[in-house]
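A.B. asks: Build me a model from this:
(2 chains)
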Amino acid sequence: MHDSPVHAAVRTYAASVGEDFDRCALGYAAGQALALSGNSAGALETWLAALHHPGAQGWPVLMNAVYEAALTTGAAAHTRDILDRKACELAELHLWSGLLSRSLGEVDRALTAFALAAEGTGELAFTAVTEQVRTLVDNDRLDRALAVCERAISRDTSGTLLLRTTRAGLLNRLGRPEDALVELDAVLAQAPRLAPAWLNRASALLRTGHKDAEDALHQAISIDPTLAPTAARLRESLG
Amino acid sequence: MKAPRAITLVNLWMTDPGQRYLPLGLLWLRASLEAAGFGVEIRDMQFLDDAEREDPAALAARLEDSHDVLGFSLMSNALPLVVETVRLLKQRRPGRRVVLGGPGPTTVARPLLEAFDWLDLVVRGEGEHTIVDLMRALGDDEAVRRVAGVSGRDAQGVFHAPDRALVVDQDSLPVPRTDDVDLSAYSVYTTVTARGCPYKCRFCEIPSYESRRVRTRSVDAVVDELCEVWEARGVRSVAFQDDIFLLSKPRVESILDQLHKRGVPIEWGGFARAGRVDPDWLARLSERGMRSVAFGIEAGSDRLLSRIAKGLTVRKAMQGIDAAVPHMHTRCFFLWGFADETLEDFYGTVQAAFHAQILGAHPEVGHVVPLGGSPLYLSWQRNPLEFHADYPFARVIVPPHSAALRTLVTEHPRVFSAHHAFPTPDRDAKWTAAAKAWPTDRRPLAPA
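C.D. replies: Model prediction:
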């Protein structure tokens, strides 16, 4: 390590706090100091070195820092390769590898990484499936997106109701609004305050020219006011 | 002037943007003044919009119909604004007697009165007894000169009466009433259960006017107040504004025990020392309504913490934060820009702030302020301070927006030290980092 004030501060700080704190959190703090001193590459290196503690406090914050630094330093491919090598130990890294591949325009590699992450459980699997679907939709591969979504639903992944809402959205986009409405009615029967479901219902109703679409939009916005701009765009594009 | 029977008290405390706090200091003064038979009108300027609240001409116009005696309560940040407001007011109403009080004028009373010949009187330190004695003495210059705790100006010049002894028995003070206050207009109900801080942090000026001796209200008095506002005013959450509320474990427990016995399960928050809390206690306090805590950490370097006499180590500080985060909203304050802060110290503080963030706390980082009564400033005052009209990072005290007030500040650095900065080593490197990490959200300065 170079003998600069910021490197000295990193060593001193780690010694000052002692052994009570996990290295992930300390690595994040040290990387921030390096980044603010103008050493973005050193920051990224420090954050990558800290990737040994999944589940530690602040893990998502650290991963976000890695992702942002990889993009801003032009080291997305290099970072992605490091994450891929570590991913055999930490399945979460497949997700972040996928995000970096997607940012590099390497869609198939991103989809493979998301699929690997989706084999996990819980929040990770849900997020991975969501990113997989988003990537496929962005690349006009709606049929495959629907298949991915349905496979995840059949596995009873965490966030099933949201995935069923997404499935309904895909059905709608595939020109099957009636099927979408059947799915959404079932979802809303279980979760009547699920705002995205109301939004997708409005979309399906608008597509079928049904007069209840405005009521569904109103429901979505009343539950989640931040959806107002999305609702406005929906009215404009379909109405 | 004739002996006055009434006073207008003006609240110009400006703290967190968007937050409005009860004018506690003025409510305590009002209680003492009313008990002594004086009429009191309180005008809380927190409710003006930013443009008007920071415009001396607008404030002076608003105060033209005040009582003949006018008292301002303020911190250092509002001092230039008040000095100019009083100048304009005196042009229109030369007969007004103006009294300044609160932390802002207290620690700089001498240079303040020497610099601005339109200022009349300063109540230094704790004001409840002083303001009553002063009101009784007004009209008799000799009597005014004898009021302990008052600095002022009369036909003979500037005078400084001796300091007033602090009120040891806080229960002897009349308790403020809030029956005419719209509590819903304020962010939270605030109260103070003790005055004074036993610590000797060198950047802080509280001990210079409140002493290091902590003077407490009785547990009964505190609990009676909270039960009263719970029942009569519907108050359900309280912010204890003591310098350190979690100072005495038995006292805090006693207050909570009594509140529990009387069926008043308030939610509450307060300041604490990170080195004096432990996970078990914080867990228990959380079960007893504690929802937020604030720690002054200041620095992420043991060397600097020692230099500023914080009485805390980095390790203890982070342990305290880590203990609090699972149980409550945890704010922690950091300072940078000290005169003897090395770049290594600075990056230590950067790490501590981000470490606190990743632990789940809410760090707030500010540029250290040369407060007039702080040991740090008093030992520095023969050296020059810097004035930065423009800067790219968040500050606790921002320079005035108007060119006229900025000139006032730069021409009187001893009066307005808090609007200046200590020269700090490697300033450019620190500024660049601070601008990225803690950018300012202030409005652009008006053209000079």
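
A.B. asks: Please name the nearest non-neighbouring residue to the residue in the stretch 101-250 of chain B positioned nearest to chain A.
C.D. replies: Proximity of the stretch 101-250 of chain B to chain A (CB to the nearest CB) peaks at B:Cys201, 18.6 Å away. C-beta here means a position set from N, CA and C on the backbone, and glycine is covered the same way. Counting by CB to CB, 6 or more residues apart in numbering or on different chains, B:Cys201 lies nearest to B:Lys310, which is 5.5 Å off, once chain neighbours are set aside.

A.B. asks: Off-centre distance for the host helix or strand of B:Gln91?
C.D. replies: Here B:Gln91 sits within helix B:79-92, counting by DSSP states H and E. Distance of helix B:79-92 from its chain centroid, counting by CA atoms, centre = their mean, to the nearest Å, is 21 Å.

A.B. asks: Tell me which other helices or strands it touches.
C.D. replies: For helix B:79-92, the elements it packs on are helix B:56-62, strand B:69-73, strand B:97-101, helix B:103-106, helix B:403-411, judged by 3 or more CB pairs under 8 Å, 6 or more residues apart in numbering or on different chains; DSSP states H and E.

A.B. asks: Between strand B:97-101 and that helix, find me the angle.
C.D. replies: 170 degrees (axes from the mean of the first three to the mean of the last three CA atoms, to 10 degrees).

A.B. asks: Name the residues that touch helix B:79-92?
C.D. replies: B:12, B:54, B:56-57, B:59-60, B:63-64, B:70, B:72, B:74, B:96, B:98, B:100, B:104-105, B:108, B:112, B:116, B:118-119, B:400, B:404-405, B:408-409, B:415-416, B:418-419 (CB atoms under 8 Å, 6 or more residues apart in numbering or on different chains).

A.B. asks: and that helix, C-alpha only, in PDB?
C.D. replies: Extracted C-alpha coordinates of helix B:79-92, given in PDB (Å, rounded to 0.1, in the frame of the first residue of the first chain):
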ATOM      1  CA  LEU B  79     -26.300  37.300  14.800                       C
ATOM      2  CA  PRO B  80     -25.500  39.400  11.700                       C
ATOM      3  CA  LEU B  81     -29.100  39.300  10.700                       C
ATOM      4  CA  VAL B  82     -30.200  40.600  14.100                       C
ATOM      5  CA  VAL B  83     -27.500  43.300  14.300                       C
ATOM      6  CA  GLU B  84     -28.700  44.700  11.000                       C
ATOM      7  CA  THR B  85     -32.300  44.300  11.900                       C
ATOM      8  CA  VAL B  86     -31.800  46.300  15.100                       C
ATOM      9  CA  ARG B  87     -30.000  49.000  13.200                       C
ATOM     10  CA  LEU B  88     -32.900  49.500  10.800                       C
ATOM     11  CA  LEU B  89     -35.500  49.200  13.600                       C
ATOM     12  CA  LYS B  90     -33.700  51.900  15.600                       C
ATOM     13  CA  GLN B  91     -33.800  54.300  12.600                       C
ATOM     14  CA  ARG B  92     -37.500  54.000  12.600                       C
END
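
A.B. asks: hmm, back to that, who's in contact with the residue of the stretch 101-250 of chain B closest to chain A?
C.D. replies: B:296, B:298, B:308-311.

A.B. asks: Counting only strands, which of those residues make the cut?
C.D. replies: B:296, B:298 (DSSP state E).

A.B. asks: of all the contacts of B:Cys201, which comes closest to A:Thr73?
C.D. replies: Checking the contacts of B:Cys201 against A:Thr73 by CB to CB gives B:Glu298 as the nearest, at 32.2 Å.

A.B. asks: ok so, going back, would you check which pair of the contacts of B:Cys201 lies furthest apart?
C.D. replies: B:Gly296 and B:Ala309 (12.6 Å).

A.B. asks: Compare the two and say which one has the larger neighbour count.
C.D. replies: B:Gly296 (22 against 15; other CB atoms under 10 Å in any protein chain shown).

A.B. asks: Helix, strand, or coil at the nearest residue to that one once chain neighbours are set aside?
C.D. replies: In space, and not counting its chain neighbours, B:Gly296 is closest to B:Phe333: 5.0 Å by CB to CB, 6+ apart. Following DSSP: H, G, I helix; E, B strand; the rest coil, B:Phe333 is assigned to strand.

A.B. asks: A:Met63 contacts A:Trp96, doesn't it?
C.D. replies: Yes: when contacts are counted by CB atoms under 8 Å, A:Met63 is listed as touching A:Trp96 (5.5 Å).

A.B. asks: now B:Ala109: how far from B:Arg124?
C.D. replies: Between B:Ala109 and B:Arg124 the distance is 5 Å, computed by CB to CB, to the nearest Å.

A.B. asks: One more: B:Leu134?
C.D. replies: 11 Å.

A.B. asks: what about these two, which has more around it?
C.D. replies: B:Leu134 (27 against 23).

A.B. asks: name the element that one belongs to?
C.D. replies: Per DSSP H and E: helix B:128-137 holds B:Leu134.

A.B. asks: What residues sit buried inside the helix or strand immediately after that helix in the chain?
C.D. replies: Scanning forward in sequence from helix B:128-137 by DSSP H and E, the next helix or strand is helix B:141-145. Using 16 or more other CB atoms under 10 Å in any protein chain shown as the burial criterion, the residues of helix B:141-145 that qualify are B:144-145.

A.B. asks: Stretch B:169-185 too?
C.D. replies: Those would be B:170, B:173, B:176, B:178, B:181, for stretch B:169-185 by 16+ other CB under 10 Å.
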